[in-house]
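Peer 1: Sharing a model prediction with you, sequence too.
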Amino acid sequence: MRYFIKNANIIDPARRIATIGNILIEHGLVAQVFDMADFGMPSEPDQGIEVIDARGSIVAPGFIDLHAHLREPGDEHKETIATAGQAAARGGFTTICAMPDTTPATDTAGAARQLADTARRQSVVKVAPIGAVTAGRKGSQLAELAELAEAGCVALSEAGRTIADAALMRNALSYAAMLGLPLLAHCEDARLTNGWAMHEGAVSTRLGLPGFPSSAEETIIARDIALAESVGAHLHICNVSTSGGVALIRAAKERGLRVTAEVTPHHLTLSERWVLGSLAQWTALPRTPPAESKKRKRGKKSEPGLGLPSWLDPSLLPPYDASTRVNPPLRAEEDVEALIEGLRDGTIDAIASGHSPQSMVEKNVEYRLAAPGISALETALALVLTLVHRGEIDLLDMVAKLTEGPASVLGRAPATLRPGSAADIVIFDPEQSWMVDPREFVSLGHNTPLTGQKLKGQVMLTMVAGEIAYRRGSFGVGTGVLRQASKLEGILEE
Amino acid sequence: MTSTSTRRRHVLDLDDFSQAEITEVIETTASMKEVLGRSIKQVPALRSKTVVNMFFEESTRTRISFELAAKALSANVVTMSAKGSSVEKGESLLDTMRTLQALGADLIVMRHGEAGAPYYLAEHFNGSVINAGDGRHAHPTQALLDLFTIHERLGQIEGLKVVIVGDILHSRVARSNIWGLTIMGAQVTLCAPPTLLGPPGFWLATWPSLIITSDLAAALAGADVVMTLRLQNERQQAGLLPSLREYSRLFGISAARMALAAPHAIVMHPGPINEGVEIMPDVASSAQSVITDQVTNGVAVRMALLYRLAGG
């Protein structure tokens, strides 16, 4: 199939360009890009080409997700490779990296090949396997890392666990360096987080929930940076969540170390206050009575210059709602600000979804006992766009953190719309408002704290290797001139 | 959440109580206490209502107190004790609640080891929920009986200097009392070693008027009320304390320490007491101690709350 995307607002971070133009796609590749200034730009393509009119939408390279839990094999009631692929396409992602914490874990070449093979047959997006660092993710013996690399693993990770034994971690980093793969580290000192329910801070103190202190993340980030430096490895920090963590990564980068980092959309936009839910209205004494506080909230909503259809509003949730439980936990507002600053100044390289689908069985229990995780692929873009709409980060930089950033973490050529590159493309309308309803998710994981929130920004079409993987309604159809259409159809349209 | 203008449906914590509502509860409690002093200690206020006490954690005094309160109001009372969390039991809290609902429960009184469990229950249950203690979070009926006892003894709450001493970090009694006392206008001081308190800023973010210290002598100076908390032995095993002996020496309430407080000061304890650790035996049985009054008043307070939710 050949496609002609016209009237496209093209954003190509790898070339630092934002322009309006048309894109011709042939044989799974970007064949030609014509921008407005290009006199050779055909306004009407040849026959047999499907025209997609992208007027009003952004056309960008497809997003790359460094961090998704696909749950297959072992937990197919939570998600499958097929449903995760559909959710990714719906979220604008054209490549997702599969965390190895399946049952069994992706800790052998055979498991990695099987995952890749299933994905080729069942997923509408590209799936890149990540190999486990230790056998069975038990933290006691290295997995056969070189064979995992040969089987196509793009990175190594212990997925959601920290290797407690520093000597073993150093050996793993040495091996990763030999193989030229990044080691994706989840940073959590389990002795400091024993029995945790949420971030340790003002809200956990008020709610009486056992805390996950920031220092539990920061101490391991510091340790792993020192270990990576000692063996010259590429350390990548998974979902950094604390201001102290950002500072450590910034300092490591300033010293020229090969340290990269990712952050999730929810850690960039939500805070510990989401665990308060409706109690968030009353945070400090003296309290305003409910009627007054509602008035104040309405006033806040109409504050000028923020351009959002509404504020993200934690008080739509009941208190202690298990959908807000995630690892690492939603942090304090100062941490959220530090993460945004880290994204802006380049300390944080990529936005990764951290997609962690859970079934209702794991979530419909007491808060601390609920399995952590947020089903994130289908809300990721709209959530990070809240930062763009608030003026915290510009659109080009945000797209870069979803495309060029993750590609560079994987040591790949930057995702781009340059002619000759794979036609992995996302088209999204940054202004389109919608309300989050998890029942509409294609992911099997309906676990999201965003139920009922109004977000702005909707993926309209996702193309993987030149084929349409997702299309919202009949986006782009009909408004364009279809060359193969009969003359009669043209008359009927008038 | 309910305000005084609309009828309250649940009692989950004191954070959604106004000063006026707490005052009303104290007044109703006084009437209920009068009922308990009669030869026939029963009124028909909750006749034909079914109250289920659901205790997922061991409790003697709170469970019996709720049972007596419901019986004094002529309600049908059933108590179920189920040790362990729903996950350990392989039965979900939601399923247990649905069963009780189908059996016709009007009001559930729940004690649970996990903070927030009563909110989860209230979200799904058609009737009323009273929190009888959830994890480290809240114990609103204990706080209300403490407020009633303070008011009964000292005639007021506003303006009093109240010191809470002990394992505050892990205490649901402390949290609910901080809400109740602050709402009623008392000046609250928290006193504990930092390992049983956490960073002061974590408390001040929600309750900016608190005074937080590890200096017991300074905290006690001129205090009207000294509230002691139970110290569980496992805190030492968890490495939060060097030894019970040293803890007692630094934070135990002795007669000499009580002398630092105001002459009319009262000393309280939610029970059960570790005599010789957080409070010395002579203090616990002194004229300043209101510990047994707390237990007696507990029944009346719970009657007042049951009546408020399900009566009339």
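Peer 2: Sure thing, it's come through. Being a predicted model, the structure only gives us computed values, none of them experimental.

Peer 1: Any stretches of the stretch 201-312 of chain B with poor pLDDT?
Peer 2: Scanning the stretch 201-312 of chain B with the threshold set as pLDDT under 70 gives B:312.

Peer 1: Please repeat the previous calculation with a cut-off of 90.
Peer 2: In the predicted model of the stretch 201-312 of chain B, residues B:232-238, B:311-312 satisfy pLDDT under 90.

Peer 1: ranges for the helices of it?
Peer 2: Assignment of helices within the stretch 201-312 of chain B using DSSP state H, counting those that start in this stretch yields the ranges B:216-220, B:234-237, B:244-251, B:255-258, B:281-284, B:291-310.

Peer 1: can you redo those as a markdown table with distance to chain A?
Peer 2: Where C-beta positions appear, they are placed from N, C-alpha and C, glycine not excepted. Putting the helices of the stretch 201-312 of chain B into a markdown table (distance: least, CB to the nearest CB, whole Å) gives the following:
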| stretch | distance to chain A |
| --- | --- |
| helix B:216-220 | 19 |
| helix B:234-237 | 12 |
| helix B:244-251 | 20 |
| helix B:255-258 | 27 |
| helix B:281-284 | 26 |
| helix B:291-310 | 19 |
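
Peer 1: among the ones you listed, which is the most enclosed?
Peer 2: The highest average neighbour count among those, using mean count of other CB atoms under 10 Å in any protein chain shown, belongs to helix B:291-310 at a mean of 22.

Peer 1: so how far is that helix from its chain's centroid?
Peer 2: Its chain's average C-alpha position is 11 Å from that of helix B:291-310, according to CA atoms, centre = their mean, to the nearest Å.

Peer 1: Also stretch B:156-173?
Peer 2: Relative to the mean C-alpha coordinate of its chain, stretch B:156-173 is positioned 11 Å out (CA atoms, centre = their mean).

Peer 1: Please report the separation between the first and final residues of that stretch.
Peer 2: Distance across stretch B:156-173, first residue to last, is 20 Å (CA to CA, to the nearest Å).

Peer 1: What are the buried residues along it?
Peer 2: With burial defined by 16 or more other CB atoms under 10 Å in any protein chain shown, the residues of stretch B:156-173 counted as buried are B:157, B:160-173.

Peer 1: Also near chain A: which of these, exactly?
Peer 2: B:Arg172 (CB under 8 Å from any CB of the partner chain).

Peer 1: From the buried residues of stretch B:156-173, pick the one nearest B:His112.
Peer 2: Comparing the buried residues of stretch B:156-173 against B:His112 with CB to CB picks out B:Arg172 as the nearest, at 10.5 Å.

Peer 1: Just the buried residues of stretch B:156-173: which are in strands?
Peer 2: Judged by DSSP state E, the buried residues of stretch B:156-173 include B:Lys161, B:Val162, B:Val163, B:Ile164, B:Val165 as members of strands.

Peer 1: Pretty sure A:Val133 sits against A:Leu156.
Peer 2: Yes - distance between A:Val133 and A:Leu156: 5.2 Å, which falls inside the contact criterion (CB atoms under 8 Å).

Peer 1: any shared contact partners between those two?
Peer 2: A:Leu145, A:Ala172, A:Leu183 (CB atoms under 8 Å, 6 or more residues apart in numbering or on different chains).

Peer 1: Centre of the chain to the longest helix seen in chain A, how far?
Peer 2: Counting residues, the longest helix in chain A under DSSP state H turns out to be helix A:214-231. On the basis of CA atoms, centre = their mean, the separation between the geometric centre of helix A:214-231 and that of its chain is 23 Å.

Peer 1: before we move on, back to that, out of the helices of the stretch 201-312 of chain B, nearest to A:Ala233?
Peer 2: With CB to CB, the closest approach to A:Ala233 among these belongs to helix B:234-237: 39.0 Å.

Peer 1: can you pull the alpha-carbon coordinates of the closest one into PDB?
Peer 2: Once side chains and other backbone atoms are set aside, the C-alpha atoms of helix B:234-237 remain, and they are given as PDB (Å, rounded to 0.1, in the frame of the first residue of the first chain):
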ATOM      1  CA  GLU B 234       8.200  -5.200  67.800                       C
ATOM      2  CA  ARG B 235       9.400  -1.600  67.500                       C
ATOM      3  CA  GLN B 236      12.500  -2.500  69.200                       C
ATOM      4  CA  GLN B 237      13.000  -5.600  67.100                       C
END
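
Peer 1: just checking, what packs against that helix?
Peer 2: If contacts are counted by 3 or more CB pairs under 8 Å, 6 or more residues apart in numbering or on different chains; DSSP states H and E, helix B:234-237 sits against no helix or strand.

Peer 1: What lies in contact with it?
Peer 2: Counting by CB under 8 Å, 6+ apart, the neighbours of helix B:234-237 from elsewhere in the structure are B:Asp167, B:His170, B:Leu196, B:Leu241, B:Pro242, B:Ser243, B:Leu244, B:Tyr247.

Peer 1: switch the cut-off to 10 Å
Peer 2: In this structure, residues lying in contact with helix B:234-237 by CB atoms under 10 Å, 6 or more residues apart in numbering or on different chains are B:167, B:169-170, B:193, B:195-196, B:240-247.

Peer 1: Report the secondary structure state of A:Ala432.
Peer 2: Quick fix: residue A:432 is Gln, not Ala. strand (DSSP: H, G, I helix; E, B strand; the rest coil).

Peer 1: I figured it hits A:Lys454, correct?
Peer 2: No - no contact is recorded between A:Gln432 and A:Lys454 when judged using CB atoms under 10 Å, the distance being 11.1 Å.

Peer 1: Now do the phi/psi pair for the residue positioned nearest the centre of chain A.
Peer 2: Among the residues of chain A, A:Ser353 comes closest to the average C-alpha position under CA atoms, centre = their mean, at 2.2 Å. Summarising the backbone geometry of A:Ser353 under the convention degrees, to the nearest 10, its torsions are phi -70, psi -30.

Peer 1: cool, and B:Val52?
Peer 2: Backbone torsions of B:Val52, given as degrees, to the nearest 10, read phi -110, psi 120.

Peer 1: Measure how buried it is and give me the count.
Peer 2: 23 (other CB atoms under 10 Å in any protein chain shown).

Peer 1: Would you check how far apart the residue nearest to it when sequence neighbours are not counted and chain A are?
Peer 2: The shortest distance from B:Val52 to any residue that is not its chain neighbour, by CB to CB, 6 or more residues apart in numbering or on different chains, is 4.5 Å, and that residue is B:Ala105. Taking CB to the nearest CB, to the nearest Å as the measure, B:Ala105 falls 19 Å from chain A.

Peer 1: domains of chain A?
Peer 2: Following automatic domain parsing, one gets these domains for chain A: A:2-54+A:476-493, A:62-416+A:437-453.

Peer 1: Just give the nearest non-adjacent residue to the residue of the stretch 301-450 of chain A found nearest chain B, would you?
Peer 2: Of all residues in the stretch 301-450 of chain A, the one sitting closest to chain B is A:Tyr320 (3.1 Å; CB to the nearest CB). Ranked by CB to CB, 6+ apart and with sequence neighbours excluded, the top spatial neighbour of A:Tyr320 is B:Gly116, at 3.1 Å.

Peer 1: try A:Lys6
Peer 2: Residue nearest to A:Lys6 in three dimensions, not counting chain neighbours: A:Asn22, with 4.5 Å by CB to CB, 6+ apart.

Peer 1: part of a strand, is the one you found?
Peer 2: Yes - counting by three-state DSSP, A:Asn22 is part of a strand.

Peer 1: Specify the beta-bridge partners of it.
Peer 2: A:Phe34 (DSSP bridges).

Peer 1: Quick one: the helices in the stretch 51-200 of chain A, in order.
Peer 2: With DSSP H, counting those that start in this stretch as the criterion, the stretch 51-200 of chain A has helices spanning A:81-90, A:109-122, A:145-150, A:166-179.

Peer 1: Run the chain-centre distance for the last one.
Peer 2: I take that to be helix A:166-179. Centroid displacement of helix A:166-179 relative to its chain, using CA atoms, centre = their mean, is 27 Å.

Peer 1: quick check: angle from it to helix A:214-231?
Peer 2: Direction vectors for helix A:166-179 and helix A:214-231, defined by axes from the mean of the first three to the mean of the last three CA atoms, to 10 degrees, enclose an angle of 50 degrees.
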